[in-house]
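# Quick one: sequence and predicted model below, then my questions.
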Protein chains: 2
Amino acid sequence: MDAVFRALADPTRRQLLDSLHARNGQTLNALCAEMDMTRQAVTKHLAILEEANLVTTIRKGREKEHYLNPVPINEIADRWIGKFERGRLTALSDLKKRLERED
Amino acid sequence: MDAVFRALADPTRRQLLDSLHARNGQTLNALCAEMDMTRQAVTKHLAILEEANLVTTIRKGREKEHYLNPVPINEIADRWIGKFERGRLTALSDLKKRLERED
DNA sequence: CTAATATGCAACCATTTGATTGCATGTCAA
DNA sequence: TTGACATGCAATCAAATGGTTGCATATTAG
């Protein structure tokens, strides 16, 4: 869980997920083409995404294909965000009341 | 958006949101009581949460009350996570096919 | 076989981050 | 008013982070 949150914290990594979402199975080089940094930097970001289980890779000869795994994102949505979502309206009206009581 | 993701990346800050979710409107001192670090460290985390608009504060005399704002979390759920959620089954079956083709 | 291509590994560096300590300010209560 | 209490501000520091360069390895194409 923590690994997923930290992986999502970086804009470059979210961009990589976006890229894979648009075209799944891209090789490292393909992904690098869209990023404005060295291949090694991209490799590191992909390693973090893989560590968080957000990306799965398959070695194809000398190439490495990258696949998006949306499951961890879903788990966060279900188990973590859902909690706050449920309390949304309540919390908002609470806050409004408090603010009004200020005046 | 980026500020929200980065704010959520730290476990201490998620714990603070949890704490406010359990009991909204806590003062700085109350929040500190549950955290295993100095008050100043907690202050910094709260500042980051406030920066990301996840927490709103109201000064009450010499105390400061903290309120959870779930809106940014909801926006992420709607505008960002939703995208990946929609492609979930497709992406999974894609991945499965690829993996099977490997054997 | 050999050269080009795709990726891996490691050392290194600057910046950011998370936390601390010390002191200042502001407010309430006796 | 004075002392206790709640919070604010700033300097400092170690560790993590994001990026680079240089070289190594492995695979494919000619």
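Cool, the structure landed. Numbers count the residues shown, from 1 in each chain, chains lettered A, B, ... in the order given.
# A:P70 - how many residues pack around it?
By other CB atoms under 10 Å in any protein chain shown, 24 other residues sit near A:P70. Every C-beta, even on glycine, is put in place using the N, C-alpha and C of the backbone.
# just A:F84 next, same as before
22.
# Identify the residue spatially nearest to it, adjacent ones excluded.
Spatially, and ignoring its direct neighbours in sequence, A:F84 is nearest to B:P70 (4.4 Å; CB to CB, 6 or more residues apart in numbering or on different chains).
# Verify the contact between that neighbour and A:G82 for me.
No: B:P70 lies out of contact with A:G82 (CB atoms under 8 Å); the separation is 11.0 Å.
# I'd like the distance from stretch A:10-19 to the chain centre, please.
Taking CA atoms, centre = their mean, to the nearest Å, the mean C-alpha location of stretch A:10-19 is offset from the chain mean by 7 Å.
# Please determine whether it lies in contact with DNA strand C.
No: applying CB under 7 Å from any atom of the strand, one finds stretch A:10-19 separated from DNA strand C by no less than 9.8 Å.
# ok, residues contacting that stretch?
A:7-8, A:26, A:31, A:34-35, A:37, A:42, A:45-46, A:48-49, A:54-55, A:68, B:2, B:5, B:80, B:84 (CB atoms under 8 Å, 6 or more residues apart in numbering or on different chains).
# Stretch A:45-60 - what's its average pLDDT?
Averaged over stretch A:45-60, pLDDT sits at 97.
# Mind checking which of the contacts of stretch A:10-19 are buried?
Among those, those scoring as buried are A:7-8, A:26, A:31, A:42, A:45-46, A:48-49, A:54-55, A:68, B:5, B:80, B:84 (criterion: 16 or more other CB atoms under 10 Å in any protein chain shown).
# Which members of these define the maximum pairwise distance?
Using CB to CB, the buried ones among the contacts of stretch A:10-19 span at most 22.6 Å, a distance reached by A:Q26 and B:F5.
# what does chain A put close to DNA strand C?
Going by CB under 7 Å from any atom of the strand, the residues of chain A near DNA strand C are A:27-29, A:32, A:39-40, A:43, A:62-64.
# 10 Å instead, please
Contact residues, chain A versus DNA strand C (CB under 10 Å from any atom of the strand): A:6, A:9-10, A:26-33, A:38-44, A:46-47, A:50, A:57, A:59-66.
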